[in-house]
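A.B. asks: build the 3D model from these lines:
(5 chains)
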Amino acid sequence: PRRPEPPATIPLAALEILPNGAVSARHVQKADVAAELSLNLRDLRVVDPTFRNESPVVLARPTAMVIHLLHVRILVTASRVLLFDPHHPAVAALTPRLRARLIDAAHPLPFEMRALEAVLVDVCCGIRAEVGRLKPKVQAALDVMSKDGEFGGRGVTEGLDQLLPLEMGLNELTGSVGMVRTALNEVLMSDEDMSDMYLSWKSATGEERGVDEHDEIEMMVEGYLKQVDAVAYELGRLLRAVKTTENVTQIRLDASRNRILRLEVFLNLGAVSVASAACFAGLFGMNLLSGWEEDPHAFWMVSVMSVGVAAIVFRSVIVWLRWKRIFS
Amino acid sequence: PRRPEPPATIPLAALEILPNGAVSARHVQKADVAAELSLNLRDLRVVDPTFRNESPVVLARPTAMVIHLLHVRILVTASRVLLFDPHHPAVAALTPRLRARLIDAAHPLPFEMRALEAVLVDVCCGIRAEVGRLKPKVQAALDVMSKDGEFGGRGVTEGLDQLLPLEMGLNELTGSVGMVRTALNEVLMSDEDMSDMYLSWKSATGEERGVDEHDEIEMMVEGYLKQVDAVAYELGRLLRAVKTTENVTQIRLDASRNRILRLEVFLNLGAVSVASAACFAGLFGMNLLSGWEEDPHAFWMVSVMSVGVAAIVFRSVIVWLRWKRIFS
Amino acid sequence: PRRPEPPATIPLAALEILPNGAVSARHVQKADVAAELSLNLRDLRVVDPTFRNESPVVLARPTAMVIHLLHVRILVTASRVLLFDPHHPAVAALTPRLRARLIDAAHPLPFEMRALEAVLVDVCCGIRAEVGRLKPKVQAALDVMSKDGEFGGRGVTEGLDQLLPLEMGLNELTGSVGMVRTALNEVLMSDEDMSDMYLSWKSATGEERGVDEHDEIEMMVEGYLKQVDAVAYELGRLLRAVKTTENVTQIRLDASRNRILRLEVFLNLGAVSVASAACFAGLFGMNLLSGWEEDPHAFWMVSVMSVGVAAIVFRSVIVWLRWKRIFS
Amino acid sequence: PRRPEPPATIPLAALEILPNGAVSARHVQKADVAAELSLNLRDLRVVDPTFRNESPVVLARPTAMVIHLLHVRILVTASRVLLFDPHHPAVAALTPRLRARLIDAAHPLPFEMRALEAVLVDVCCGIRAEVGRLKPKVQAALDVMSKDGEFGGRGVTEGLDQLLPLEMGLNELTGSVGMVRTALNEVLMSDEDMSDMYLSWKSATGEERGVDEHDEIEMMVEGYLKQVDAVAYELGRLLRAVKTTENVTQIRLDASRNRILRLEVFLNLGAVSVASAACFAGLFGMNLLSGWEEDPHAFWMVSVMSVGVAAIVFRSVIVWLRWKRIFS
Amino acid sequence: PRRPEPPATIPLAALEILPNGAVSARHVQKADVAAELSLNLRDLRVVDPTFRNESPVVLARPTAMVIHLLHVRILVTASRVLLFDPHHPAVAALTPRLRARLIDAAHPLPFEMRALEAVLVDVCCGIRAEVGRLKPKVQAALDVMSKDGEFGGRGVTEGLDQLLPLEMGLNELTGSVGMVRTALNEVLMSDEDMSDMYLSWKSATGEERGVDEHDEIEMMVEGYLKQVDAVAYELGRLLRAVKTTENVTQIRLDASRNRILRLEVFLNLGAVSVASAACFAGLFGMNLLSGWEEDPHAFWMVSVMSVGVAAIVFRSVIVWLRWKRIFS
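C.D. replies: Numbers count the residues shown, from 1 in each chain, chains lettered A, B, ... in the order given. Prediction:
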């Protein structure tokens, strides 16, 4: 299990889309593709769905772009597109939109950039939809928590039960978005990579492209990077709201706990007082001679005294607390 | 819902302001504007209020500046200004100030920079006003919390109830200010963008401007960036004060809780002691023969003994606690 | 309240100091100064004390340096110095030291750099004095907390009551020091700014200074930046010590709370046991026929049995706890 | 113990692998190797297993690469490889794979790069295997915690007991991965280092290699850096999941604690009420004359009254709580 | 106290070491040294032990290196070394090692670099020894905490009492190591500084050295920087382990607290039940006519009923809890 490259003999399922819109399902060998396009086998690993942990990347090679962003794994050349992992639902949903854009010959951008733009649009929409799906749920869970935060009733617990997976989801998504940002940023930071991406121009003219001639692609990638950035900010805001609410909920629970405990002190004090009175009364309940057995007023006197004992105990503890300033 | 670009047929409401101060409400098609000024449709998305999540940006294009900062969405050319989303209250408030600055022909700066400055002034004032609105409220909530932090009385809870939305607001504002900073920073980091912004000069001379000739715009943007920075520092300070107070409140609640619990231990010990005395007295209350029924002193002796039982129980537990050093 | 620039007609109080040491109190119009020195009005905002939130900055302009660091707001030209906000206590204290340095003609540095150095010395001393003022107080509060952390006695609360404002002060100071660092760093990062600062040389020779000829000023600013850095490290260390102590105090309070609660469990168990014994005795106190009324040994037997009931209850709960392993 | 360089006389155990696949165990003197390859003694410290704390690094020297990544300590020249610390299990497992790759003469890459790639493959697989080992355990511990978080039953404690060492392991691994990333990044950031690595080319041609001619090595290192990055992201995600679960567990415990305490308040209130009734009954149990001794209805009346006393106490405290709004 | 530069008349104690190994104790005036070597007075402040807060720095000046790293304050020229603060124990320990290295004429490095290397070796060993001293203690404290975390017994408190100063020490050391890293990094980032450091070469040839000719010094400083980095990683790992253990201990204490509280609920419920039974028995102890006074079976019936009352109370509260799902 420690050999990183699986035997190259398992072909990868892929959809080939040509500029005329012809879509054909194929199984391709990575080695064949690499040889045909003079790519490294290593480059093709990023579009191989059996490598699940590969980080998103946009590779610019002289003859092709190798793109892996979220679920999209695609190889773009000047004259065709290979879309890998075509049975993944998100990829299947992308296929018609990608094809529509590729056959749009009236579009000012060349073939390979239309492919790239279709992918970027799909990625941006994907993460935005995911944020849109999580946001109201998170908001609802936070509302439940902050409204019932007083007594640690079921509200807080239910809110937290909902929140835990959502927070995990937000963290996961933040990670994915961050990696997409990094991938796009890396494209923007390399002039060579960007001018290398003019595949149609290069295959049409047969020349090398000047390293600074990449305005269209720079503006396009920049634009989508900004959209990804906006989503990242939104995610950060949601996560901060979650953190803040959790934090405040915890202090509110603490504060209300102290209030409950203070109440318990008074109840306990009441219990001690009543027990003292009962003990006092109990002494006169002993079958021993107090000498007041026949006194007709003793019952009432002692009853009042026992209540007085309770009051004295209660009062003196309160005074002691005030004097020690334990409750101030 | 996954098509990012809405059909281009919905016109955008906008206010057109000309150098002579003429203001006219218009509905513009993004495609027309893009064609007229050779802009990408994508560039105009940042001034389209239907895209709510676009991040703030100042785009320098050869024929125009496309600006989106907070609520302001504006397109500036050498000879006119298009202010989008004109019915937004903050934008409506900006309009007269913007117009006043645009018609001020005696101003040393050219038309497009006066527009930019008006926007920057408005943005800086906006965020400063927002901070000024939040700051006293936050301060008041923190005061409530830190004064009543001892016993988790209603004070802490009320303070937290006020604080939670304020803290959310501070986080939100910090995010917005951060994005404005990023947008201004990006302008300052690109010499090309800054020299591209001299729209009047370019349309007057018809030449390209040297990439380093952008002193006025650099100083202007830098100045407003510093103001935004100052607000960001202020916000950071407020947030830190909130965090610190929350943290300290939590430990104070913890400490006072331990004090309450310690008190409860003594009350419980008192209860056990009194119960022991009552139990002792209860034994002599049994209808059984103790042999002291006729002893005239037994009542007082046993009464004193029952009090003694209570005292012994109380004292021995205290000694045991000291010996085990549980309370030291 | 949203006009950022106040009417330019309110003159600013300032002290003018000339190279010969003549000090004169003046009221200057920002517009006049700006016109005389070809500065932007905007540049003068940083020395205007009515703008309280301006962040510290050292602006290098062709004819002057505009400096705002902490409380010092000063305008330095090749032939005079304008010290604003002269009634501020810290500024008043600076004045004689600044004058002494300015008239020191034997000093190897030119006039404007002597002024700059006097300001930097004052700023460094100011923040160092502030740290020196806060540090022992913070240390004392932390000592109080960590010594009395066991039982949440008054010590922790008193320590926290002292600590809260100190921590706020440390945060505030950290912010100020950070902004001073940023301002000095910005000077060091711009070769143009530093060579622009040779005002005497420029006014003496009338030439532009080479962009790399700024060794003296670079070394000077670097030296003071290092001092500010050292203070920033010291502040960070203090804040970390505060955080660590708070954190550890919280866990100590938690741990001792668990110990108190464990004790309460035993007290409550004792209460239940004694209550059981009392209840047992109470049954024999009922005015009903137990049949042992005349038995001379019953009293002692039942007394012993009631104590036995208490012991059995106590013991069986303890055994049950051990069996359920609740306390291990 | 403060001499950093041990006497150079202790030879290091190493395996020498030649291009023909011959493997020989040797003991080498660092000084000899340094002299032979014109390396600094200092450079060889990174492959000396007696220096346990050396951070990972890939050093490019004119005649050799000195590599230390995780457990692998290796010296690569154009014509042989020295693998240090050969008895370490991970190194022993690497040896056959390294040899297989070195003798693969059909490989397009030169000898030294095949060695480097074998090391990088091994390192990537190693950290990926370690993450794969930790991840399911962490997930299991988190599941245990989040399912039994309600009452602080044994589940949370058991989950935490499992989690503590796992979290330590994750932190450790994050540190190692971070250092490997830094080491690879440093290679990528130095053009000189990368072109220096073409040892075979240099020894074959005897010339200096152009500083920009390093495409193969750059792509290779970049590829493995991306894999390391992906692992680092995965680790970060795991650590965030741990933090989030811990945090949420803590608030859930807090919330359920408040619920328990609220219950205790009611139980304590019940105890006070019952004790009041008992006290009331106890008064009539005193051997004093109440005057109702002979009243045939008194027993039932007083019994009902004592229950009424309990009910009144219970109810009035509840009303008092509502009136003071302590429980809302 | 606000004059930063003390009167220059207090001489500094220093040890002078010459290339021939002659060591002489001297008292030097900063002004004399500055004049002799054309240094700024300010530069010498970093080697003045009366300035305690100066941050570590390696200053390269045309005629000398001024070095302050941890406790070492040293001035190195091409022909002698001045070691300040020679009575500091760590400096005293360094002296013989420094001298041994300086007189080693066979060493390939020139005089000034041998001095620098001796200082770097000493600094690296110093921080490594400090980490080695703290690490086992921290580990022991963490072990104590994590083993006795269940019940907040004395173990956690003792562990924390040990941990607090250790954590402070780790933070302090992290700060120092960070500053040393910054100082070394600053050397590496300035080509001018590094080539300026070839003092012997410059004094021998009398020429300026090319700004890129600094391979030896770069490799040397880089090597020691890597060692410092390794220590910094180690420190970070220790601090993370402390944080993780503290965090997990806190949740474990929380969880076990909930378990204790749940137990208390049952004990309190037991107390209420027993009190109910006692109250029931107490009613029959009243000196009133129940009508069963002569019934021979009443005693047993009522006794059983009173136990039944206790059981009913206990059971019904348990059922109520289940019905309200308070404990699930």
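
A.B. asks: so residue A:270 belongs to a strand, correct?
C.D. replies: No. Applying DSSP: H, G, I helix; E, B strand; the rest coil, one finds residue A:270 to be helix, outside a strand.

A.B. asks: pull out the buried residues from stretch A:197-205.
C.D. replies: Residues of stretch A:197-205 classed as buried: A:197, A:198, A:199, A:200, A:201, A:202 (neighbour count, 16 or more other CB atoms under 10 Å in any protein chain shown). All C-beta spots, glycine's among them, are computed from the backbone N, C-alpha and C.

A.B. asks: check what pLDDT the residue most central in space within chain A gets.
C.D. replies: Residue closest to the mean C-alpha point of chain A, counted by CA atoms, centre = their mean, is residue A:170 at 1.0 Å. As predicted, residue A:170 sits at a pLDDT of 93.

A.B. asks: now do the SS call for the closest residue to it other than its chain neighbours.
C.D. replies: The spatial neighbour of residue A:170 that comes closest, neighbours along the chain excluded (CB to CB, 6 or more residues apart in numbering or on different chains), is residue A:239 at 5.5 Å. Here residue A:239 is recorded as helix under three-state DSSP.

A.B. asks: does residue A:239 touch residue A:174 like I think?
C.D. replies: Yes. Contact criterion CB atoms under 8 Å: residue A:239 and residue A:174 qualify, at 6.8 Å.

A.B. asks: what's the overlap in contacts for those two?
C.D. replies: Residues touching both residue A:239 and residue A:174 (CB atoms under 8 Å, 6 or more residues apart in numbering or on different chains): none.

A.B. asks: who's in contact with the helix or strand of chain A at the bottom of the mean pLDDT ranking?
C.D. replies: With mean pLDDT, DSSP states H and E as the measure, the helix or strand of chain A carrying the lowest mean pLDDT is helix A:41-44 (a mean of 80). Under the criterion CB under 8 Å, 6+ apart, residues A:5, A:8, A:30-31, A:33-34, A:59, A:61, A:66, A:75, D:219-220, D:223 lie in contact with helix A:41-44.

A.B. asks: near chain C, which residues of chain A?
C.D. replies: residue A:285 (CB under 8 Å from any CB of the partner chain).

A.B. asks: quick one: the helices in chain A, in order.
C.D. replies: Taking DSSP state H, the helices of chain A run over residues A:30-36, A:41-44, A:89-102, A:111-147, A:154-189, A:191-196, A:199-205, A:215-284, A:298-324.

A.B. asks: ok now the second one, how far from the chain's centre?
C.D. replies: Think helix A:41-44. On the basis of CA atoms, centre = their mean, to the nearest Å, helix A:41-44 is displaced by 31 Å from the centre of the chain it belongs to.

A.B. asks: list the buried residues in that helix.
C.D. replies: A:42, A:43, A:44.

A.B. asks: residues near the closest residue to chain C within chain A, how many?
C.D. replies: Residue nearest to chain C within chain A: residue A:285 (6.9 Å; CB to the nearest CB). Number of residues near residue A:285 (other CB atoms under 10 Å in any protein chain shown) recorded here: 29.
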